[in-house]
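> here is the input, now give the coordinates:
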Amino acid sequence: MLNSILNQAFEQYVFDRVDNILSIAGVADAKYRKAVKEADSVLSQLMAIARELEAQHPELLRLVMEYEAATTLESGLAAEIVYREGIRDNCSIRQEVATFMQKQF
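Alright, predicted model coming up:
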């Protein structure tokens with residue numbers, strides 16, 4: 001039971017931290033901010049075209065919306081995976097440094 005509670009807490013921590021990092025990046029990182037702005041622009045253009053062609057291709061608008069949802073999910077999951085790997089890397093690097101330090105002294 002404790003393991004389940006700790007896993008849930010860790011999952012929520014990772015989700016909240018990744019969300020916070022991306023929010024900060026949206027303000028502080030010009031390259032990221034530019035990429036987000038460009039992605040939003042492309043999506044807006046796709047939505048406009050899909051609405052114009054909705055009568056001829058009713059599935060197009062739905063596909064664009066599904067694509068947006070899928071790419072948002074994919075990028076969120078990618079950010080979480082990278083964050084988790086960063087935590088793992090941090091732990092293994094600390095262990096390696098500790099081992100190195102023990103051998104030196």
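
> what helix or strand is residue 67 located in?
helix 58-104 (DSSP states H and E).

> avg pLDDT for that helix?
Helix 58-104 comes out with an average pLDDT of 90.

> next one: stretch 40-49
Per-residue scores along stretch 40-49 average to 95.

> that stretch: which residues count as buried?
Neighbour counts using 16 or more other Cβ atoms under 10 Å place 43, 46 of stretch 40-49 among the buried residues. To be clear about C-beta, it is placed using only N, CA and C from the backbone, and glycine gets the same treatment.

> just give me how far it sits from the chain centre.
21 Å (Cα atoms, centre = their mean, to the nearest Å).

> likewise for stretch 80-94?
Distance, centroid of stretch 80-94 to centroid of chain: 15 Å (Cα atoms, centre = their mean).

> what comes up buried for it?
80, 83.

> got a list of what residue 46 touches?
By Cβ atoms under 8 Å, 6 or more residues apart in numbering, the contact list for residue 46 reads residue 64.

> quick one: the one helix or strand it maps to to helix 58-104, angle?
Per DSSP H and E, residue 46 falls inside helix 30-52. Interaxial angle, helix 30-52 versus helix 58-104 (axes from the mean of the first three to the mean of the last three Cα atoms, to 10 degrees): 160 degrees.

> thinking again about what came up before, and the helix holding residue 67, what does it pack onto?
Applying 3 or more Cβ pairs under 8 Å, 6 or more residues apart in numbering; DSSP states H and E, one finds that helix 58-104 makes contact with helix 2-28, helix 30-52.

> ok so, going back, quick one: work out the angle between the helix holding residue 46 and helix 2-28.
Using the same axes, to 10 degrees: helix 30-52 against helix 2-28 is 90 degrees.

> let's have the helices and strands packed on helix 58-104 in CSV, adding distance to residue 74.
Putting the helices and strands packed on helix 58-104 into CSV (distance: least, Cβ to Cβ, whole Å) gives the following:
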stretch, distance to residue 74
helix 2-28, 13
helix 30-52, 12
